[in-house]
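Undergrad: Below are the sequence and a predicted model for it; my questions follow.
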Amino acid sequence: MQDFIISEATKIFCKGIKRYAAEGKKEEHEVSLMLYLKSEETEGYKVCYNNQPVKEVSLKDILNVKFDLKGYTMFVPPHIIGFLNGFENELSSKQVDVCVYLDKEDDEKCRFFLFNAGKFVKEVYLTELIKV
């Protein structure tokens, strides 16, 4: 189950980054997705160009769907909220986010980086983040 979730999350984020790059007429390596907490129980997503947020989007926007027939909008948010809350506790900070970038060597893979107050902390891996 964990492998399936990681595979699907990777596809979703990679496709989203590529689409937002095309929409913004940007190179794919200039675009990232920021995952953050709006509150302890609500996650948020932002599209970033060159590490600067340009617009807030929803998971449905990232998925590029009006109706989520596969149920990702029900299943994914609790995992994101859980690992972001965990990082906030670990770092004793409320300014934590995870940014998702396309891998420079394989544009079918994503890399996830933890930031605290806009400063890089470490690379994180979905295998560590997704708990099933």
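TA: That came through fine.
Undergrad: residues touching Asn85, list them.
TA: Under the criterion of Cβ atoms under 8 Å, 6 or more residues apart in numbering, the neighbours of Asn85 are Leu37, Glu40. Backbone N, C-alpha and C define where each C-beta goes, glycine included.
Undergrad: same thing but at 6 Å, please
TA: For Asn85, the contact set (Cβ atoms under 6 Å, 6 or more residues apart in numbering) is empty.
Undergrad: can you check Asp103 too?
TA: Going by Cβ under 6 Å, 6+ apart, the list of residues near Asp103 reads Lys109, Arg111.
Undergrad: What ranges does this protein have for its helices?
TA: 2-23, 59-63, 72-91, 126-129 (DSSP state H).
Undergrad: could you give the angle of the third one to helix 2-23?
TA: For the pair helix 72-91 and helix 2-23, the angle between their directions (axes from the mean of the first three to the mean of the last three Cα atoms, to 10 degrees) equals 100 degrees.
Undergrad: Can you give me the buried ones in stretch 101-119?
TA: For stretch 101-119, the neighbour count (16 or more other Cβ atoms under 10 Å) marks Tyr101, Leu102, Cys110, Arg111, Phe112, Leu114, Phe115, Asn116 as buried.
Undergrad: and that stretch, how far apart are its ends?
TA: End-to-end distance for stretch 101-119, by Cα to Cα, to the nearest Å: 16 Å.
Undergrad: avg pLDDT for that stretch?
TA: Taken as a whole, stretch 101-119 carries a mean pLDDT of 94.
Undergrad: how far does it sit from the chain's center?
TA: 9 Å (Cα atoms, centre = their mean, to the nearest Å).
Undergrad: same thing with stretch 87-102?
TA: Relative to its chain's centre, stretch 87-102 lies at 11 Å (Cα atoms, centre = their mean).
Undergrad: Roughly how far does Leu63 sit from Lys122?
TA: According to Cβ to Cβ, to the nearest Å, Leu63 stands 27 Å off from Lys122.
Undergrad: Pick out whichever of the two has more residues nearby.
TA: Using other Cβ atoms under 10 Å as the criterion, Leu63 and Lys122 rank with Leu63 on top: 17 against 10.
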